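Trainee: The amino acid sequence is not available; the structure is as follows:
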C-alpha cells in the first residue's frame, strides 16, 4: 500500500508534464526519426497507464483512439489532432455547464467563495468567455494540424498556453475590480 502511494505522485506529475509537453515531445520524436507507429504505440502505453492511475477515461480513450489510428495508418496527423480534442473537450465542459451551474461558479463554490447574485452572474459571463475562447483555440489548433510541424508545435506547445495564461490573468484582474466595485 505504501509503495502504491509513493508511485501515485510521480505518475501524476509525469502525466501532467507529458500532457503539457505533448506537442514538443511529438515534434522532437518525429524529427529524431522515431516512426509514427512506434510513437503511437508509446502514447497508447502512456495513456493506458494514465487511465489506470487517474481514472480520466474519456480523454484517455480519445488519446488511445488517435494513437491507435496513428499506429495503424502510419500518419502523424492523428498525433497532431490530440491538442484539438483536448481544447474541444475543455470548450464543451464550459459550454455544457451553462445548462445548469456554470463551471466557474462550481469552481468558486469549491474554493468556498460566497456567491451572491452579482457573483453568480459574473461567473456565468466568465464561463461564456472561456467557452468562446476555447472554441477559438480549438479552431486555431485544428488549423495548425495542416501547417508545417514547427507551426503546429509552436502554437500547441507554447502560444496556446500563453494565451490561456493571458485570459486567466485578465480574468483575475477583472474579478478583483468587480469585487472591489461590489463592496
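Mentor: Perfect, thanks for sending it. In this text, all values refer to a predicted model and were calculated from it rather than measured experimentally.

Trainee: drop to CA atoms for contacts and neighbour counts, all remaining ones
Mentor: Noted.

Trainee: domain ranges for the chain?
Mentor: Domain segmentation of the chain under automatic domain parsing yields 1-79, 81-183.

Trainee: will you turn those domains into a markdown table that also has mean pLDDT and mean neighbour count?
Mentor: Listed next are the domains of the chain as a markdown table, based on pLDDT from 0 to 100; neighbours: other CA atoms under 10 Å:
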| stretch | mean pLDDT | mean neighbour count |
| --- | --- | --- |
| domain 1-79 | 72 | 16 |
| domain 81-183 | 89 | 16 |
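
Trainee: the helices in the protein, which residues?
Mentor: 2-31, 36-54, 57-73, 77-80, 82-97, 103-110, 117-145, 149-154, 160-181 (DSSP state H).

Trainee: Would you quantify the distance from residue 35 to residue 46?
Mentor: Counting by CA to CA, to the nearest Å, the separation of residue 35 from residue 46 is 17 Å.

Trainee: Same check on residue 62?
Mentor: From residue 62 across to residue 46, the span is 13 Å (CA to CA).

Trainee: Residue 39 too?
Mentor: On the measure of CA to CA, residue 39 and residue 46 end up 11 Å apart.

Trainee: Kindly report the same for residue 71.
Mentor: 14 Å.

Trainee: Let me know the distance separating residue 21 from residue 72.
Mentor: Taking CA to CA, one finds residue 21 at 24 Å from residue 72.

Trainee: no wait, residue 85
Mentor: Residue 85 is 19 Å from residue 72, by CA to CA.

Trainee: wait, isn't residue 60 in contact with residue 46?
Mentor: No: assessed by CA atoms under 8 Å, residue 60 is found out of contact with residue 46, at 9.6 Å.

Trainee: Now do the contacts for residue 97.
Mentor: residue 103 (CA atoms under 8 Å, 6 or more residues apart in numbering).

Trainee: Recalculate using a threshold of 10 Å.
Mentor: Residue 97 makes contacts with 103, 104, 105, 106, 124, 127, 128, 131, as judged by CA atoms under 10 Å, 6 or more residues apart in numbering.

Trainee: The residues you listed: which two are farthest apart?
Mentor: Farthest apart among those by CA to CA are 106 and 131. That separation is 15.0 Å.
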